[in-house]
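Participant: Quick one, fold the following:
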Amino acid sequence: MKIALIGYGEVGRILAEDLRAQDLVVTACDLKLRSEAGEPMRAHGLEYGVALEASHANAVQGAGLVISAVTASQAVPVAQACAPGLSAGTFFLDFNSASPGAKIRAAEFVDGVGGRYVEGAVMTSLPPYRIKVPLLLGGPEAAALQPMLETLGFSPRVASDKLGIASATKMCRSVMIKGLEAMVIESFTTARAYGVEDAVIASLYETFPGIDWEKQGAYFFQRAIEHGRRRSEEVQEVARTVREVGLVPWSAQGTAERQGWVADLAERGLFGPKSSKAFARSADWRTEADRILVHVQAQADPATAPNNPTKDC
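Facilitator: Now for the predicted structure:
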């Protein structure tokens with residue numbers, strides 16, 4: 001069976017490695033393949049024997065399973081772009097962190113050409129688990145896809161035969177998880193500025209003794225630095241999910257803005273060159289907090305940092 005991966009970022013490349021280890025035929029498509037930014041993807045594809053396509057429709061032709069793993073804002077456009085190349089009966093697994101409404105719109109394009117759309121909600125960070133990451137499935141075709149995914153090594157569970165339930169579970173979880181990342185960055189950086197970070201962390205240990213706050217802090221900083229853009233887009237979908245039930249998404253919107261702000265700084269070089277590892281530019285969150293503080297102080301008084309690489313954001 002041929003499997004097509006739409007999106008060849010961190011998630012796509014991990015899945016490609018695990019699927020190719022089973023000697024499966026894998027193709028992939030990513031918009032970055034059309035530019036110099038796609039060079040690491042091309043190198044990875046060559047190393048693992050993944051056929052790379054510049055066209056979505058070409059990538060999915062003849063595939064028995066398509067996995068869409070792109071940024072949240074592209075979930076619907078990608079489904080639309082893939083539809084002309086889908087064969088009748090092809091499963092389309094939407095891995096994207098999009099709102100229930102977005103999943104329903106994406107399904108219309110796939111189902112409209114005879115494809116079998118299934119929403120997938122990845123319930124934790126993928127790298128530690130790889131293909132075995134906990135995965136919720138949703139939609140009328142979810143139960144039919146589950147055995148195939150289990151054979152391929154995934155760890156799926158059907159949440160509902162109704163579209164939107166799996167993604168709603170993911171979105172509500174993300175209010176907490178992505179929000180906690182943003183809060184830790186804001187809290188720890190501010191504490192660092194006042195010189196009270198050790199006292200704050202000691203207090204957190206007392207209140208939540210099961211969490212290693214030093215380790216968790218470093219992890220949260222680095223995930224936001226490496227993946228803040230994708231996270232910001234995801235939390236915009238989270239905010240949309242909250243709005244769909246009539247609530248004002250104060251927390252989610254603030255989280256999206258903080259994640260996007262960190263992404264802006266990373267893209268402008270504040271934290272140094274992008275790491276070749278899954279994440280980590282500095283193992284110490286204090287180093288990254290100090291870089292942020294130098295930046296914000298430079299905005300207040302540009303003369304204090306003549307080599308500051310960023311603009312106000």
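Participant: Spatially central, which residue of the protein would that be?
Facilitator: Nearest to the geometric centre of the chain sits Arg230, at 5.2 Å (CA atoms, centre = their mean).
Participant: Helix, strand or coil: sort out that one for me.
Facilitator: Under DSSP: H, G, I helix; E, B strand; the rest coil, Arg230 falls in the helix class.
Participant: ok, it - contacts?
Facilitator: For Arg230, the contact set (CB atoms under 8 Å, 6 or more residues apart in numbering) comprises 9, 71-72. C-beta: built from backbone N, CA, C; applies to glycine.
Participant: Please repeat the previous calculation with a cut-off of 6 Å.
Facilitator: By CB atoms under 6 Å, 6 or more residues apart in numbering, the residues touching Arg230 are Thr71.
Participant: I'd like the distance between it and Ala69.
Facilitator: Counting by CB to CB, to the nearest Å, the gap from Arg230 to Ala69 is 10 Å.
Participant: Now do the phi/psi pair for Thr124.
Facilitator: Main-chain dihedrals, Thr124, degrees, to the nearest 10: phi -160, psi 180.
Participant: What is the burial count for it?
Facilitator: Residues contacting Thr124 under the criterion other CB atoms under 10 Å number 12.
Participant: repeat for the one 4 residues further on
Facilitator: Other residues lying near Pro128 total 9 when counted by other CB under 10 Å.
Participant: continuing past the worst-scoring helix or strand of the chain on mean pLDDT, what's the next helix or strand?
Facilitator: Least confident helix or strand of the chain, by mean pLDDT, DSSP states H and E, is helix 126-129 with a mean of 88. Later in the chain than helix 126-129, the nearest helix or strand by DSSP states H and E is strand 134-138.
Participant: That following strand pairs with which strands?
Facilitator: Strand pairing for strand 134-138, using DSSP bridges, gives strand 116-122 (antiparallel), strand 155-160 (parallel).
Participant: Determine which of those strands approaches His56 most closely.
Facilitator: Closest approach to His56 among those (CB to CB): strand 116-122, 15.2 Å.
Participant: tell me the mean pLDDT over that closest one?
Facilitator: Average pLDDT, strand 116-122: 96.
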